[in-house]
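Asker: let's see this in three dimensions:
(2 chains)
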Amino acid sequence: MNSIQLVRLASCRSSAQMQFMLLFSRQGKLRLQKWYVPLSDKEKKKITRELVQTVLARKPKMCSFLEWRDLKIVYKRYASLYFCCAIEDQDNELITLEIIHRYVELLDKYFGSVCELDIIFNFEKAYFILDEFLLGGEAQETSKKNVLKAIEQADLLQEDAKVSSACSECCECICVIRESLVAAHMLIIFRSRGIILARLISMRFMLPSQNMIFSVIASLFYPIEDF
Amino acid sequence: MSDVVEKTLTALPGLFDSQTGAAKITNRLRQLIKSITELTSKHEEENLIKQELSAMKEQVSSPNTTMKQMREIMVRAMYCEMLGYDASFTYIHAIKLAQQGSVLEKRVGYLAVSLFLNEGHELLLLLVNTVLKDLQSTNLIEACMALTVVAQVFPKDMIPAVLPLVEDKLSHSKEIIRRKAVLALYKFYLIAPNQVQHIHAKFRKALCDKDPGVMTSSLHIYLQLIRESPDSYKDLTDSFVTILKQVVGGKLPVDFNYHSVPAPWLQIQLLRILSLLGKEDQSTSELMYDVLDESLRRAEMNHNITYAILYECVKAVYTIHPKAELLEKAARCIGNFVLSPKINLKYLGLKALTYVVQHDAKLALQHQMTIIECLDHSDFTIKRETLELLFRITNAQNVTVIVEKMLDFLRSCNDEHTVIHLVGKVAELAEKFAPDNSWFIQTMNDVFSVGGDLLQQDVPNNFLRLLAEGTESKEEDDQLRLYAVASYLTVLKGHTSHLPQCFLQVMSWVLGEYAHLQESVDRCEVIRLLTQLLNQRSVSSETRVWILSALTKISEGHADLILDLAESLSSSQDTVLRQQAQELHHLSRDSQLHEWVLPRGTPWDATEVDSSLSFLDGFVSEALAAGAAPYKPPHQRREELCEDRALNLEPYSFSLPVSLSSCSITDRQSPTLLSVSSGLSGNSTELSQKAGSSTLILEGVKRVWGKDGYLPQKEATAPPVDEPSAAVQAPCQQEAAERAEPQPEPSTINQDKQQLASSLFVGLGVGSSMSLLGKSEAPPPRFRKKPRPHESSSSSSSGTSERSSEASSRSSRNTTDSFLYGSLLEEEPATSISAFDHTPKCTTANGLAAKEDKRANASQILGGDMVIVRPSTIQDKHLPPLSSDLSALLPADLKDLPRSDVISLTSDPSLSLSSCRLFRDEALLLVVFISNCTDTVVKDVAVELSAEELETVSLRGNVVDCLEAGSTSVCHYTLLMDDPQTSVSFTGTVSYQTQPGHTNTLPFSGTLSTADFIRPLVVSTEEYGKLWLSLSHDVKQNLKLLADAGDPLRTTLNALKDALRLHVVDIIGSEGIVACRLLGGAPCLLHCRVNGAALAVWLRSPHPALPDCILYHCQRALAQH
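Answerer: Residues are numbered from 1 along each chain as shown, chains lettered A, B, ... in the order given. I've put the predicted structure just below:
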């Protein structure tokens, strides 16, 4: 670390409460990285490598804080995953620890008893949640309900887009209504041969495939044809 | 491999089946992740990723790839980047995805952008349009995504483009949008504070938002604002206190609770704000005592989050104006922390103590046992924090123990940053509290050998300086020096190969300077040791230079011993070493010269340095007369080099006069203004020293030439405050004696620890009685630095010479500028001439005239015996004369100038002061009217005016011997602004005598805005076009368009013209071009276009700060309209 980098880190300081957040496994594999200060890729890699080593070397009974370069590192281990944040020296370490905990709670609520695998395979989701919780290094929304609501809203919209595109391929879909944002039910109303049909579909955290929509629609149509 | 991963592998097929829909999309990613987990070596992983990346590359460039596929590719690219591989070819596609995809794909696109691109990345410019579109979208999710990305990465220059849209979002109906908008504005504030100045009122609205989330976000902005200027937000204290009261009282919705603590993040944010507001402000602090008390009381639950709040509370209590009751409670809280078995809390307790002992050192006493336990803690972090705490409570009595502890820690520590940090502290303590010479030198030896070459340069510098300058008494100094010499000789006799270079350098310097003091030691022995060192392979060439210069100093009379050495080194590869050897060679032959160059035992400050190198002036002028090329400073040379090499993007007709004019200026300047040129050359050596590896060597050379080169250059550390030592010492010992008694359960406590405690915490009780008032009760330091008048004057003079050279170089640049514009502005000679006119004014007399002028003004002291400062009060019966009367008093030559209204500055029963600004073409005239309101004569009236950011070019009439009853005198200042600022304030005093011997002073102050320093720039449309192309600094912003039935553009521009004295060059259709210049040369061009209901303004100027300032004033002018 030469002095220029140090200066850069220092000069970035005033801009963000949190400098960066890293998630890595016990084996030292990076699972998530979010940088709130502009650094070059080379610096990021170097910092990550050094930090992962330092944190992994610490014994479980040691405290969760670490003075590292001119920053304060706050880390906590959850099962096989280490959550690690860098903050300024004057900042409150305990509250950062709780920020980590709140993030884990959010992940847990979203994925339903989250494990490392969820984060490995759905890391973009983990990023979405993080972006709703922390923005630019500052806590954006501390209400758990509100964060999850925002995420589910966005997720649902994705589903809406898929459902309506699927529907438009097989029949004329009048509208797709979200009955409740949180519960993620959908009311699909179709018009077919002059008859209006409606069906409530319940979906949660699953992007409905086209096939699924077809089968739903098919199940709606059978009785009519029989009729 | 961990069992978790193994489990995954078995579970994977199941995952695919159950989530067919999702699996389809992320199939490739899953495959990739799966195959990576199967690999055994890093090498295999690299190959696999390489394959993956090349496949992706092919896919992205293929035109058939759908957006859906692109989204999947983007997710894989993010994964590869996370693993540390470069996928930069996808960046542009991430932007495309955000731009063209459906909501679903957009989301991934935006995420990829925020992960891939840094704030400064050029590709971000391509994102601006997308963001603009999405911000205007009616789809909530799209707007959310756009705001999220804006708050994370957004190019600074493009802020004006989205600012109005983000501003609108502040009044959006959805709280999530408002919240994100507030955070986006916070981000803007951090990176470009000027541009959001006008929306401060809206921040207040956000603070009062009915949604707690939005309010919380606005606190980020307020924390930042208040940190910068706490005084401007004191009025908000009440609101913050109320909010905190409500939060603590549980008035927020339950879902803001975290582990049944109401909104802890919000509480902490508020506590931080309050502590900033209450700092050193009793009345504000009083407002918050209640709520702080409440917070301390409420936070009782045993959970991390309550401790986090408590910690913040304690900090706040100790930051604001103290209240005994609260302090007591806070101290008890700290006890809970420190005594907690949880290690995290213990750490925080130590941290809190470290903060608190600065105010009340006694607190550390209560926890001494815990502190000592922590000192031996197995956790590095805890140990280090404990040392930090000890550092804060160090005094003359416990310094030896504490320093020993710190050095012990340092020896076992291998973290570079910790070492640098702590070693500096040890050195600081050693210098401040050293009990005796031997301890000091020994400790410094440890510092140098432990710190090694990681040490910050000022540690050895300070040490050498201390030795060299000495204290008041010569005997003590010599003793210290003697001890150092003896100690170093012992060190050198031992093993030297492992010693850090920095330590060797220090030793050789000390030996070179002071070895002669030690009479018992044979000089030959010293020479032998140094030569031995010189021949060692591990010694760097920089150190060799140090050693050789030391040898040069002590070789007098023993030249024969080292002549061989000089001979062998004079063919060295290293130029500096070679030069040094040559010097040694010459000096050893001529003892008289040696005596003259390296005088021995002369006091430190006797050597005089001609830092401006003025003795070379004669040489320079001769050389110039003989046709030598004039000196050009490095930056100018570099610029010229660039001009030659770079592609010429400017129109040809334009670039030619530039180079010509710049040459002619330097030609004209150099022979006449010798001292300027010498100032520049002096500057240039400094510059070259700063650059690159040659630095070190050059410093080495300087050191040979006497004691001047290197040490006097650096700033003195703040001279320690002298305090009556006896007064402090006495209670100190007393307290120490008292303290020994109340030890709790002495039997159970380990004897050793007990002892350590008594040695560590000795003398801490002193602060108990006065801690709250006097924060720093430092005992008199042992090594008191001698006041050095010479040093200060030399440093200030070198400072001014530097400044003057800077000023002159700047003014020469200005002149270049004015030529540059002059060539364009032939039709309008007034501007170019006037701009040229005043620049030489400040360059003549070495460019110092203006500065000295200013200083002379400021230091004007009247001859009166007494100075009575009377607060200015305005009394009705002494009404200042009407402004119309006053303006009639203006000298005839100034009467016709455009001017502002006369405003009253200040008044008292005898005098009243008013001012008026006159806008001359080439400067701002500040006219001050001094009116005598009494019936008697007022004598010796003198006005002093100072404004740091302004340059006073000339002044007239500021001293009046005698002011008749009822009469008014006029004095005027000609002012220029060097660096544009939105506003500058000036302060001043007027002193006068109503009775002989009694001097009254009357302070006054006022502000001037940039607008006062802006003049129209009269150019034709073609010239404007040319000039536009040549300017670099761009700012864009939307302004309000004045509503007018006829021609809103013309109305708006005219309003601006009237308010700011701009020149409207042309109006074509919906576009208008406007030009102005700052006094002193820098022009600013405005290009305005009607864009719906707004006026899109694009400003360009050679000066980076000018457009921002002008924009600010435009906004204000339009707002007032």
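Asker: which positions in stretch B:1022-1036 come out as buried?
Answerer: B:Glu1023, B:Tyr1024, B:Lys1026, B:Leu1027, B:Ser1030, B:Leu1031, B:His1033, B:Val1035, B:Lys1036 (16 or more other Cβ atoms under 10 Å in any protein chain shown). (Glycine included, C-beta is placed from N, CA and C.)
Asker: neighbours of the closest residue in space to B:Thr987 that isn't next to it in sequence, just the number please.
Answerer: Of all residues not flanking B:Thr987 in the chain, B:Ser1005 sits nearest, at 4.3 Å (Cβ to Cβ, 6 or more residues apart in numbering or on different chains). Using other Cβ atoms under 10 Å in any protein chain shown, B:Ser1005 has 13 other residues around it.
Asker: could you find the lowest-pLDDT member of the buried residues of stretch B:1022-1036?
Answerer: Note: of the buried residues of stretch B:1022-1036, the lowest pLDDT belongs to B:His1033, at 72.
Asker: list the contacts of the residue nearest to B:Thr987.
Answerer: B:Leu905, B:Ser985, B:Phe986, B:Thr987, B:Gly988 (Cβ atoms under 8 Å, 6 or more residues apart in numbering or on different chains).
Asker: drop anything exposed from these.
Answerer: The buried subset of those (16+ other Cβ under 10 Å) comprises B:Leu905, B:Phe986, B:Gly988.
Asker: and which of those is nearest B:Ile92?
Answerer: B:Phe986 (52.2 Å; Cβ to Cβ).
Asker: that closest one should be in a strand, yeah?
Answerer: Yes - under DSSP: H, G, I helix; E, B strand; the rest coil, B:Phe986 falls within a strand.
Asker: which stretches of chain A aren't confidently modelled?
Answerer: A:1-16, A:157-227 (pLDDT under 70).
Asker: output the helix or strand where B:Lys180 lies in PDB with nothing but the alpha carbons.
Answerer: Using DSSP states H and E, B:Lys180 sits within helix B:175-191. Extracted in PDB, the C-alpha atoms of helix B:175-191 (Å, rounded to 0.1, in the frame of the first residue of the first chain):
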ATOM      1  CA  GLU B 175     -42.500   7.800   0.100                       C
ATOM      2  CA  ILE B 176     -40.000   5.400  -1.400                       C
ATOM      3  CA  ILE B 177     -39.500   7.800  -4.300                       C
ATOM      4  CA  ARG B 178     -39.100  10.700  -1.900                       C
ATOM      5  CA  ARG B 179     -36.700   8.800   0.200                       C
ATOM      6  CA  LYS B 180     -34.500   7.800  -2.700                       C
ATOM      7  CA  ALA B 181     -34.600  11.300  -4.100                       C
ATOM      8  CA  VAL B 182     -33.400  12.700  -0.800                       C
ATOM      9  CA  LEU B 183     -30.500  10.300  -0.800                       C
ATOM     10  CA  ALA B 184     -29.700  11.100  -4.400                       C
ATOM     11  CA  LEU B 185     -29.500  14.800  -3.500                       C
ATOM     12  CA  TYR B 186     -27.300  13.900  -0.500                       C
ATOM     13  CA  LYS B 187     -25.000  12.200  -2.900                       C
ATOM     14  CA  PHE B 188     -25.000  15.300  -5.200                       C
ATOM     15  CA  TYR B 189     -24.300  17.400  -2.200                       C
ATOM     16  CA  LEU B 190     -21.200  15.300  -1.400                       C
ATOM     17  CA  ILE B 191     -19.800  15.500  -4.900                       C
END
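Asker: tell me the mean pLDDT for it?
Answerer: pLDDT averaged over helix B:175-191 gives 90.
Asker: what does the stretch 101-250 of chain B put close to chain A?
Answerer: Residues of the stretch 101-250 of chain B that fall close to chain A, judged by Cβ under 8 Å from any Cβ of the partner chain: B:102-104, B:107-108, B:111, B:114-115, B:118-120, B:139-141, B:144-145, B:148, B:151-152, B:176, B:179-180, B:183, B:186-187, B:190-191, B:212-213, B:216-217, B:220, B:224.
Asker: returning to what we had before: ok, and of the buried residues of stretch B:1022-1036, which contact chain A?
Answerer: Of these, not one also sits near chain A (Cβ under 8 Å from any Cβ).
Asker: can you tell me the SS state at A:Phe20?
Answerer: Under three-state DSSP, A:Phe20 comes out as strand.
Asker: in what helix or strand does B:Arg1089 lie?
Answerer: strand B:1083-1091.
Asker: partner strands of that strand and their direction?
Answerer: Applying DSSP bridges, strand B:1083-1091 is found paired with strand B:1071-1078 (antiparallel), strand B:1094-1101 (antiparallel).
Asker: tell me which of the ones you listed sits nearest to B:Cys1109.
Answerer: B:Cys1109 lies closest to strand B:1071-1078 among the strands paired with strand B:1083-1091, at 8.5 Å (Cβ to Cβ).
Asker: what about the closest one, average pLDDT?
Answerer: On average, strand B:1071-1078 scores 86.
Asker: okay, the contacts of B:Ser1005 in a markdown table with pLDDT next?
Answerer: What follows is the contacts of B:Ser1005, written out as a markdown table (pLDDT from 0 to 100):
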| residue | pLDDT |
| --- | --- |
| B:Leu905 | 78 |
| B:Ser985 | 78 |
| B:Phe986 | 80 |
| B:Thr987 | 80 |
| B:Gly988 | 81 |
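Asker: can you give me the strands in chain A?
Answerer: A:18-25, A:30-35, A:65-68, A:71-78, A:81-87, A:134-135, A:138-139, A:172-178, A:185-192, A:195-202 (DSSP state E).
Asker: can the fifth one be found next to chain B?
Answerer: I take that to be strand A:81-87. No - using Cβ under 8 Å from any Cβ, strand A:81-87 never reaches chain B; the gap is at least 9.7 Å.
Asker: which residues in the stretch 351-500 of chain B form helices?
Answerer: B:362-366, B:368-375, B:380-392, B:399-412, B:416-433, B:437-451, B:458-469, B:474-493 (DSSP state H, counting those that start in this stretch).
Asker: sorry, back to before: in helices only, show me the residues of the stretch 101-250 of chain B next to chain A.
Answerer: B:103-104, B:107-108, B:111, B:114-115, B:140-141, B:144-145, B:148, B:151-152, B:176, B:179-180, B:183, B:186-187, B:190-191, B:212-213, B:216-217, B:220, B:224 (DSSP state H).
Asker: returning to that earlier point: tell me which of the buried residues of stretch B:1022-1036 fall in strands.
Answerer: B:His1033, B:Val1035, B:Lys1036.
Asker: surely the last one is in contact with B:Val162?
Answerer: When you say that, I think you mean B:Lys1036. No - in this structure B:Lys1036 lies outside contact range of B:Val162 using Cβ atoms under 8 Å: 10.8 Å.
Asker: wait, what's in contact with the residue nearest to B:Cys1088 when sequence neighbours are not counted?
Answerer: Closest residue to B:Cys1088 apart from its sequence neighbours, by Cβ to Cβ, 6+ apart: B:Gly1072 at 4.6 Å. Neighbour list for B:Gly1072: B:Leu1049, B:Arg1050, B:Leu1053, B:Val1064, B:Asp1066, B:His1087, B:Cys1088, B:Arg1089 [criterion: Cβ under 8 Å, 6+ apart].
Asker: go again using 6 Å as the cut-off
Answerer: Applying Cβ atoms under 6 Å, 6 or more residues apart in numbering or on different chains, we find B:Gly1072 in contact with B:Leu1049, B:Leu1053, B:Cys1088.
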